[in-house]
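Engineer: How does the following fold in three dimensions:
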Amino acid sequence: MLGVESIDVAYGHAMVLHDISLNVQSGEIVFIAGRNGAGKTTLLKSIAGFLKPKKGSIIFDNQTIVGLPPEKIALSGIRYVFQDKRVFTTLTVRENLELAAYPVKEKISDAIKRVVEIYPRIEKFLDAPAGGLSGGQRQILLIGRALIGKPKLLLIDEPTEGLAAGTINDILNVLNCMKGNVSMLIVEQNLSVVGMLSDRIYIMQEGKIIKEVADKEEMKNKEQLEKYL
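Structural biologist: Numbering: from 1, shown residues only. I've put the predicted structure just below:
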């Protein structure tokens with residue numbers, strides 16, 4: 001579904017990503033792990049169209065997407081859930097979902113139904129201002145909003161960052177509920193979360209992918225993964 005082949009990405013003259021290659025198959029949950037500054041977010045932004053690689057190719061659904069603007073990439077079926085958990089705080093939860101439904105021409109009733117299916121508790125907040133949601137609830141709203149229009153691939157940046165253990169469980173349940181219905185490429189530093197959900201893991205260090213982990217036992221071994229980090 002997604003193939004990234006030998007991309008280099010720079011901010012000005014500073015090279016940040018070096019010869020990055022990875023792939024995501026249909027229905028997979030693939031994680032990118034690494035320390036702060038490894039280039040994980042830069043990689044997601046490059047796939048989403050916010051940064052243009054200096055070289056290499058990005059193929060999505062058999063189409064080249066390098067050079068396309070982010071809005072066209074989003075409409076092609078890739079949605080990016082940013083790290084900052086930013087919602088439209090003065091609008092209700094329902095209105096946040098309506099805004100996402102408008103460009104993809106999906107009925108708002110269908111959009112809300114899809115979000116409620118992955119997180120039933122959000123139904124009671126639909127007419128409340130989104131600014132009153134907790135950090136975890138905002139994250140779930142953003143993930144749910146990204147599902148509107150039935151995308152094929154979600155790029156999710158640090159979904160559990162700064163959240164309490166109980167809220168992280170809610171995020172885990174939501175992601176697990178989506179598994180198999182949409183492909184996901186997720187940046188995450190919480191190795192317990194990674195081990196529970198991943199089909200494969202790419203380990204990044206200093207702008208490079210240093211290892212791909214596909215063995216189930218190795219993916220669940222937090223101590224083993226920490227060695228790479």
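Engineer: In contact with the residue nearest to residue 164 when sequence neighbours are not counted, which residues are there?
Structural biologist: What sits nearest to residue 164 in space, not counting adjacent residues and going by CB to CB, 6 or more residues apart in numbering, is residue 136, at 7.5 Å. Backbone N, C-alpha and C define where each C-beta goes, glycine included. Counting by CB atoms under 8 Å, 6 or more residues apart in numbering, residue 136 touches 163-164, 167-168, 170-171.
Engineer: helix or strand for residue 136, which one?
Structural biologist: Using DSSP states H and E, residue 136 falls within helix 135-147.
Engineer: now the next helix or strand after that helix: mean pLDDT?
Structural biologist: The first helix or strand that comes after helix 135-147 along the chain, using DSSP H and E, is strand 153-157. For strand 153-157, the mean pLDDT works out to 97.
Engineer: Quick test: name the residue nearest the centre of the chain.
Structural biologist: residue 156 (1.4 Å; CA atoms, centre = their mean).
Engineer: ok, it touching residue 187?
Structural biologist: Yes. With contact defined as CB atoms under 8 Å, residue 156 counts as touching residue 187 (7.1 Å).
Engineer: In contact with the closest residue to residue 55 other than its chain neighbours, which residues?
Structural biologist: Among residues not flanking residue 55 along the chain, residue 8 sits closest, at 5.0 Å (CB to CB, 6+ apart). Residues in contact with residue 8, defined by CB under 8 Å, 6+ apart, are 15, 17-20, 53-56.
Engineer: From those, list the buried ones, please.
Structural biologist: 17, 20, 53, 56 (16 or more other CB atoms under 10 Å).
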